[in-house]
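Visitor: let's see this in three dimensions:
(chains A, B and C)
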Amino acid sequence: MSFPLRLHPDRFLPPDPAERAAARAVYEETAGLPIVSPHGHVDPALLAEDLPFPEPTDLLITPDHYVFRMLHSRGVDLNALGIPRADGTRAATDPRAVWRTFCAHWHLFAGTPTRAWLEYVLHELFGVRETPSAETADRLYEHVAERLASPEYRPRALFDRFGIETLATTDAATDALAHHAALADDAWNAGPAGPRVIPTFRPDALVCVSRPDWPALAARLGDLAGVPVEGYASFVAALRRRRADFRALGAVAADHGAATPRTGWLPEAERDALFTRALDGEATEADEAAFTAHMLMAFAEMSTEDGLVMQLHVGSCRNHDVPLFERFGPDKGADIPLATEFTRSLRPLLSEFGSAPAFRMIAFTLDESTYARELAPLAGHYPSLVLGPAWWFHDSVEGMLRYRERTTETAGFYNTAGFNDDTRAFCSIPARHDLARRVDAHYLGRLVARHQLSLAEAREVGCALAYDLPRQAYRLDERATEADAPVLHSDGVAS
Amino acid sequence: MSFPLRLHPDRFLPPDPAERAAARAVYEETAGLPIVSPHGHVDPALLAEDLPFPEPTDLLITPDHYVFRMLHSRGVDLNALGIPRADGTRAATDPRAVWRTFCAHWHLFAGTPTRAWLEYVLHELFGVRETPSAETADRLYEHVAERLASPEYRPRALFDRFGIETLATTDAATDALAHHAALADDAWNAGPAGPRVIPTFRPDALVCVSRPDWPALAARLGDLAGVPVEGYASFVAALRRRRADFRALGAVAADHGAATPRTGWLPEAERDALFTRALDGEATEADEAAFTAHMLMAFAEMSTEDGLVMQLHVGSCRNHDVPLFERFGPDKGADIPLATEFTRSLRPLLSEFGSAPAFRMIAFTLDESTYARELAPLAGHYPSLVLGPAWWFHDSVEGMLRYRERTTETAGFYNTAGFNDDTRAFCSIPARHDLARRVDAHYLGRLVARHQLSLAEAREVGCALAYDLPRQAYRLDERATEADAPVLHSDGVAS
Amino acid sequence: MSFPLRLHPDRFLPPDPAERAAARAVYEETAGLPIVSPHGHVDPALLAEDLPFPEPTDLLITPDHYVFRMLHSRGVDLNALGIPRADGTRAATDPRAVWRTFCAHWHLFAGTPTRAWLEYVLHELFGVRETPSAETADRLYEHVAERLASPEYRPRALFDRFGIETLATTDAATDALAHHAALADDAWNAGPAGPRVIPTFRPDALVCVSRPDWPALAARLGDLAGVPVEGYASFVAALRRRRADFRALGAVAADHGAATPRTGWLPEAERDALFTRALDGEATEADEAAFTAHMLMAFAEMSTEDGLVMQLHVGSCRNHDVPLFERFGPDKGADIPLATEFTRSLRPLLSEFGSAPAFRMIAFTLDESTYARELAPLAGHYPSLVLGPAWWFHDSVEGMLRYRERTTETAGFYNTAGFNDDTRAFCSIPARHDLARRVDAHYLGRLVARHQLSLAEAREVGCALAYDLPRQAYRLDERATEADAPVLHSDGVAS
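Guide: A predicted model of the protein is given here:
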């Protein structure tokens, strides 16, 4: 049986007519604004090389952990989906068969944001007008495959069609940034509001001193920076150098992940002893936790100097399913949130840097109980702290509503950073921003219908959330719009 | 003064007309479905013996801790309600006087699920048309007492009238299961979908190695199983044997309660030393915590072998009010929830068994902050993990809405187990299922009115939640419907 | 540009017409009830002296940490707002310039309760009809300043205009209570329902044994009580004496703040050794934590004797921003909530005193995750425990809705204490009570529209929440209404 795939113009808005009318009026203001995407995981090669996308399954199913996680949870083997394995191999699968499995399980996604995003992508991007099902699977596959073959579906064409103003990728501190260097030399990348595609500095692996490959990573950092890492001081010097390289290619932010937001300087002697153990490949997990707390202080200090906005993503227990991790490696859907404590953990960092004019921190949590209890009160006090949007599992209709309901009354709207799509699924970017704008309009429409806000002010706030606040939070509004970025040589070092 | 008692046909559905219309359409699909009750605390003697119920107070007030807890919280002494005491005695009370006290405090229940269930029971089951109050108390008592005397109010007649398809009781692992054996021999118990009343294996007391009566319990286990418990190996052998006995009488699940969901094998030597201390009556509370974590692993392993679904109910601080416990014993309303950590606690168990095809775990929590943060992400990944419904204090209108709002977007509907009434109050079973179906319809109606789901799909999901998913989660759909259950001898051992 | 400032008659009520009609009917019952303000921080000098208020900035901006916290979070320096510093000095500022800064940042408060309260104060109290903005700032300043100069804006005139029946201040146990003594002698203070302005006994500082000034505080306690503090026994005797002094001036409650709700007696020897260390100025932070747990038991015991209601406010990390605290001192907006555990922490206290007829405890939390998980189950069991309203950061539209949604289904309405304004901003008292009554009407209107409650019962509950329950919870309804309060001598000791 085939059901029509429709996108209702008022989807995700509140059903009550007074709320809906106000929400719709807000959404009408924001729907057409450019997309600012200051945090995400798109591969920069995509836009540097502008090659056509592969067939539908490798575009929409295999790389999307939201999709294959749900299928896996209902008993579909990851090998049957052709998910790449840790050893680099991949079970032989027919992309059409995988697509059929996905379509046959469409009902599992009822009520999830994945459903909302995929409906948008299928309908708006590919012109699909039937819902996926076992029966429609082959027709849909053909339809999407045909579209992907045409030039309008090349990455840069889509980038323009999506109305993306700025897209930040996330790049390891030890990445040579070859694609970003290529983009910096490419006229296509010079947008009217600054470079279109920019890197983000992510040094997480370099903080994991108990990882067996840490000494090799530290050496690679030294090589790229031209500063051999022989101790803590040269480690920090190399990091500073690399931050400068990233900034030269347009980076406005750094990104930091950790299991907890614990912060605090190590005493110098302890720090140096720990660092020596790390160089010798002998650092423990406890060392790593202490060093992470220390380095968050150090990175905050660097941010006060070079202005890179410090993003903090904490509270995920990575690779929870040990046998799955061994077979399939990281980022396969088995990262599970942890209860998180911010008040005491961030006190050292915020007491020292939280009022420094040049410092900016954007905090994200997977523990919603901290929104009203800890994060909104912190952001409602410290000038440097801004709240990142509802993250990951909470990037959803109810998740975003809870976020606004629990942060606005203490932190207001203007201590929040608007929306991040945080996605590696390039095609879903407009779907995700559209959903976020609708949910913010939903929340604002409710305030208007309860007579807490005038419609005029709700419209202003809506535009701020969709466009101005992410630009301000990430300092994109402070960029020189004249292209004077230094050139990066092929060795990855800026001149 | 007397006020009419009415049940509005749209009670608990959303007030907005668009949401209500959709919710009503969903509820119309589910209202008439059979009741599947796979977890609860009804006494099997009730249905094995089919004796008439006592008078109203001993049916509706004295045994219902939701009711007497609230009266107690406003200063009514439990003795004045004739609540049985720990020493087996009971203050002399006139049932009519207790009933009057209850009716005079009817206002205390405003806005609670107890009110909703009692209104349903009084109106639908007993045909009462006035709200309880000091003035109406005696009339209501007479009215209900009169009905209870008639044959249509015998337990089996009500079972049929309620439309119950399957009812699982909860039975200690050391229970001889005499009533279940009698039921297995009784033609009444052979329903078209399998046995109507089935036991559930609950070995909690056998894990509490620090309890003074543990050695006696272990001995009783050995006797019932015909396997003397002389060490850890015979303990496990006896448990396996008893699980087989339960299965022979139709059991599809085991039930495990613990203060925390901590899991993890003990090293063999440690385990054996601990078990020896337990047999000697010298195990400590710390031993008990470690042994509980170990036995959860062991029970998961047994479930992978025999297919009994593993229910996990964690996070209650039992008997919080020490003097009340000393006077009145357990289950008197003073069990208070604890903050609960699942992500790290369940990792050993889920890493080892979470993807085993034969394994099924259903997790329940009293800590709602874990729904979106931990449980939905876990259930949205592990094939074996399904989420039990909103439990106990959260089995309520807002509690069930929060459950759906916080689990659906990550785990979907199909990783949840539908509804459990979890009650010892037999007469309230249809009231509880009706409320749950209305609240699920409420949630689904909202999704339809927000254009997130078509009405056709919402109806399908509604039926799944009300009927199919509990049957699947508890493997009731895998049962042979031909009666070929082995006979249990009077000594409690199956042949 | 100037926008009209309007207060919609249905503000904060639900938009759905059925919900709104019911909510409005409830609000119409409660809007005109007298204000009972049993917990707050108004300076008693205000009403004892009845001097005119200063100009607008020093009335509405400088003392309100909700206001200057938000400005600070967006980069406005506290010195630029003329906030008093820890050393007693204050940056020279023009009140009109500060007022202008506030008005220019009006948009920051969109969606916050501060906005709601200020709109009410400006519109209802001062007759302002334009929203604050850079352009309207001076006009508004003049307007408010002019009103403040007239006799109708003196504190006692406003007290009458606000319809306040009883106002409790919060006073250190070491306060001589001179203003309260003056009020006790003043005919103005004798209201028909008992004294209008009453003190509350707050001994928090005396429990902080690690504070450098603790020995001095203990000495002052001894002086005021006429009982030199030489050991634990005389410390408790002095506290009892002071409680009697407070009661003599009308106090009905004590107030206790702590980082956690940990409770438990210290063994006698340990307690005495700790107390000796404290007298010697050598108590540690760990001593203080243990002593706090002990003193909560002791204060509960005193409450069972003298009937003072025991308020417990826990879970704030005070003075989080260390440099700000050093420059500006306490209560400057940098108090941040902590995750809080009640179930195990309160068990010793509630097991011992929770069913004592003369005991009454009112618990407040900053950790909303405890509402449904811990506090509602505890209040729904223990006769002595009542839940205080949504506190501080949660005293807001969504915060109060969450409070009712999460507590009512387990604790009912009648185990809650109605509303506390908890404010030092005298002019905002009616604004805060009006908002609370509207939000309770909102919640009740929803129950009516869902057919969970009749409108008649919702109106009754509404009146209980607005008036009867705070009076009962704080035993204001048990007061003799004949004025026979003993006279307090100028040395602060009652005769």
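
Visitor: let me know the secondary structure of the closest residue to chain C within the stretch 51-200 of chain A.
Guide: Proximity of the stretch 51-200 of chain A to chain C (Cβ to the nearest Cβ) peaks at A:Gly111, 20.8 Å away. Just so you know, the C-beta spots here come from the backbone N, C-alpha and C atoms, and that holds for glycine as well. Secondary structure for A:Gly111, judged by DSSP: H, G, I helix; E, B strand; the rest coil, is coil.

Visitor: so how many other residues sit close to whatever residue of the stretch 351-495 of chain A ends up closest to chain B?
Guide: Here the residue of the stretch 351-495 of chain A nearest chain B is A:Ser396; by Cβ to the nearest Cβ that distance is 3.9 Å. By the other Cβ atoms under 10 Å in any protein chain shown criterion, the neighbourhood of A:Ser396 contains 25 residues.

Visitor: check contacts around it.
Guide: By Cβ atoms under 8 Å, 6 or more residues apart in numbering or on different chains, the residues touching A:Ser396 are A:Thr112, A:Pro113, A:Ala390, B:Glu409, B:Thr410.

Visitor: so which of those wins on neighbours?
Guide: For those, the largest number of neighbours (other Cβ under 10 Å) sits with B:Thr410, at 30 neighbours.

Visitor: tell me if it really is in a helix.
Guide: Yes: B:Thr410: assigned to a helix according to three-state DSSP.

Visitor: would you map out the domains in chain A?
Guide: Under the assignment automatic domain parsing, the domains of chain A span A:53-153, A:155-478.

Visitor: out of the ones you listed, which is the most enclosed?
Guide: Of those, the one with the most neighbours on average (mean count of other Cβ atoms under 10 Å in any protein chain shown) is domain A:155-478, at a mean of 21.

Visitor: and that domain, how far apart are its ends?
Guide: Using Cα to Cα, to the nearest Å, the end-to-end distance of domain A:155-478 comes to 27 Å.

Visitor: give me the distance from that domain to the chain's centre.
Guide: Distance of domain A:155-478 from its chain centroid, counting by Cα atoms, centre = their mean, to the nearest Å, is 8 Å.

Visitor: quick one: mean pLDDT for that domain?
Guide: Domain A:155-478 comes out with an average pLDDT of 97.

Visitor: can you pull the phi/psi pair for the nearest residue to A:Arg277 once chain neighbours are set aside?
Guide: Among residues not flanking A:Arg277 along the chain, A:Ala283 sits closest, at 4.7 Å (Cβ to Cβ, 6 or more residues apart in numbering or on different chains). Main-chain dihedrals, A:Ala283, degrees, to the nearest 10: phi -70, psi 140.

Visitor: go ahead and confirm A:Ala283 touches A:Thr276.
Guide: No: A:Ala283 is beyond contact range of A:Thr276, at 9.2 Å (criterion: Cβ atoms under 8 Å).

Visitor: quick revisit: ok, now how distant is the residue of the stretch 351-495 of chain A closest to chain B from A:Ala379?
Guide: A:Ser396 is 22 Å from A:Ala379, where distance means Cβ to Cβ, to the nearest Å.

Visitor: check A:Glu124 too.
Guide: Counting by Cβ to Cβ, the separation of A:Glu124 from A:Ala379 is 34 Å.

Visitor: same check, this time on A:Val461
Guide: A:Val461 sits 16 Å away from A:Ala379, going by Cβ to Cβ.

Visitor: likewise for A:Gly231?
Guide: Applying Cβ to Cβ, one obtains 36 Å for the distance of A:Gly231 from A:Ala379.

Visitor: do the same with A:Pro132
Guide: 40 Å.

Visitor: before we move on, what about A:Ala283?
Guide: 34 Å.

Visitor: on that earlier part again, show me what contacts the residue lying closest to the residue of the stretch 51-200 of chain A closest to chain C once chain neighbours are set aside?
Guide: Residue nearest to A:Gly111 in three dimensions, not counting chain neighbours: B:Thr408, with 4.3 Å by Cβ to Cβ, 6+ apart. B:Thr408 makes contact with A:Gly111, A:Thr112, A:Glu398, B:Ala376, B:Tyr443 under the criterion Cβ under 8 Å, 6+ apart.

Visitor: could you rerun that using 10 Å?
Guide: When contacts are counted by Cβ atoms under 10 Å, 6 or more residues apart in numbering or on different chains, B:Thr408 touches A:110-112, A:396-398, B:371-372, B:376, B:415-416, B:443-444, B:447, B:461.

Visitor: just those residues now: which is nearest B:Thr170?
Guide: Closest approach to B:Thr170 among the contacts of B:Thr408 (Cβ to Cβ): B:Thr416, at 20.6 Å.

Visitor: phi and psi next, for the closest residue to that closest one other than its chain neighbours.
Guide: The spatially closest residue to B:Thr416, leaving aside those adjacent along the chain, is B:Leu387, at 4.8 Å (Cβ to Cβ, 6+ apart). Per-residue torsions, B:Leu387: phi -90, psi 130 (degrees, to the nearest 10).
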